[in-house]
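Asks: No sequence on hand, only this structure:
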C-alpha cells in the first residue's frame with residue numbers, strides 16, 4: 001500500500017513539478033541519443049567497454065566536485081550501500097556497459113531496437129512491483145512508440161549466429177535490468193541528489209575500465225583530437241548531465257511515462273547519425289518519427 005501511494009503521488013504531482021520532469025526527460029533523451037553516433041565514432045579508436053568506463057569515471061570525478069561545491073556530503077551510510085550497489089549495477093553498468101558491449105556483434109540499429117524495448121519491461125515490472133496496472137492509454141502509447149522504432153529499424157534483419165545471439169543477449173539484459181532499476185528507483189536513494197549520481201556512475205564504470213583493460217587491451221595512446229572531443233562529450237553529457245536529469249525525471253514522473261519517453265532516444269540517435277555520419281534518411285525514418293512522437297505525446301497525457 002505504501003508503494004502504491006508513492007505512485008499515486010507522482011501522478012498527482014503539481015503541474016510545475018511534472019513539467020520540470022518533462023524537460024529533464026527531454027534533455028536526457030537528447031543527450032543519450034546523440035551518444036549513439038558519438039559512440040559509433042569512438043569505436044573506431046577505442047574498444048566499447050573501456051571507452052564507456054573512462055568517460056563515466058571522469059564524469060563521476062566531475063560530479064563529485066560539483067557535489068562538494070554545492071555543500072553535499074559525500075558519505076554513504078552503511079545501510080544504503082546495498083541499494084547503492086544495486087542501483088549502480090542496473091542503472092550504469094548494465095545499461096551503459098551491456099548496451100555498448102552488444103555493439104561488438106550488432107550494428108547500431110539492431111542494438112538500439114533491442115535495448116529500447118526497455119519501456120515494455122518497465123511497464124510490465126511496474127505491475128507486480130508497484131501495483132500499477134497498465135492503462136489503455138498507456139498501453140496504446142507504448143504500442144505506438146514501439147511501432148515507430150520497429151518501422152525505423154525493420155529493414156535490418158537478424159542472422160542468429162553465435163555472435164548475434166551474444167549481442168542480442170547483452171542488449172536484452174541491458175533493457176531488462178535498466179527497467180528494473182527504473183521501477184525500483186521510484187523511491188530515491190537517501191543521499192543528496194548529486195552525490196547519489198556520482199556514486200552510481202563511479203561504481204558502475206570502474207568495473208568497465210578493469211574489464212576493458214584485461215579483455216579488450218585498448219591502445220591507450222590511440223585517440224586523435226576528434227576522439228578526445230567525443231570522449232569529452234560522453235563524459236560531460238551522457239554520463240554526467242543526462243544521469244542527473246534522468247534521476248530528476250524519476251522523482252517527478254511515473255516510471256512508465258519516463259521510460260516511454262525514452263523511445264525518443266533510438267529515433268533521435270538514428271536521425272542524428274544521418275546528419276553526423278551520413279547514414280540513410282528517408283520515408284521510413286519520417287513515418288517512424290510520426291508514430292514515436294504520437295506515442296510519447298499520448299504517454300505524457302496519461303500523467
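Replies: Okay, I see it. Nothing here was measured: the structure is a model prediction, and the numbers come from that model. Numbering: from 1, shown residues only.
Asks: can we go C-alpha only for contacts and neighbour counts from here?
Replies: Noted.
Asks: Could you list the buried residues of the helix or strand where residue 176 lies?
Replies: Element membership for residue 176 (DSSP states H and E) is helix 162-184. For helix 162-184, a neighbour-count test (16 or more other CA atoms under 10 Å) marks 164-168, 170-184 as buried.
Asks: roughly how far is it from the heart of the chain?
Replies: Taking CA atoms, centre = their mean, to the nearest Å, the mean C-alpha location of helix 162-184 is offset from the chain mean by 12 Å.
Asks: Pull the residues that contact the following helix or strand past it.
Replies: Reading on from helix 162-184 to the C-terminus, the next helix or strand found by DSSP H and E is helix 193-211. For helix 193-211, the external contacting residues (CA atoms under 8 Å, 6 or more residues apart in numbering) are 49-54, 56-57, 59-61, 63-64, 66-67, 72-74, 84-85, 87-89, 91-93, 97, 189, 239, 243-244, 247.
Asks: Which of the residues you listed fall in strands?
Replies: Within those, no residue falls in strands by DSSP state E.
Asks: Now, the residues you listed that are in helices?
Replies: Judged by DSSP state H, helices contain the following of those: 49-54, 56-57, 59-61, 63-64, 66-67, 84-85, 87-88, 243-244, 247.
Asks: From the residues you listed, list just the buried residues.
Replies: Going by neighbour count (16+ other CA under 10 Å), the ones in helices among the contacts of helix 193-211 have 49-54, 56-57, 59-61, 63-64, 67, 84, 87-88, 243-244, 247 buried.
Asks: Look up how far residue 192 lies from residue 70.
Replies: Residue 70 sits 10 Å away from residue 192, going by CA to CA, to the nearest Å.
Asks: Tell me which of the two has more neighbours.
Replies: Legend: neighbour count by other CA atoms under 10 Å for residue 70 and residue 192, higher for residue 192 (16 against 10).
Asks: quick one, phi psi at the closest residue to the more buried one other than its chain neighbours?
Replies: Excluding its sequence neighbours, the residue lying closest to residue 192 (CA to CA, 6 or more residues apart in numbering) is residue 72, at 6.2 Å. Residue 72 adopts backbone torsions of phi -80, psi 140, taken as degrees, to the nearest 10.
Asks: Residue 72 reaches residue 63, doesn't it?
Replies: No - using CA atoms under 8 Å as the test, residue 72 is too far from residue 63 to be in contact (11.0 Å).
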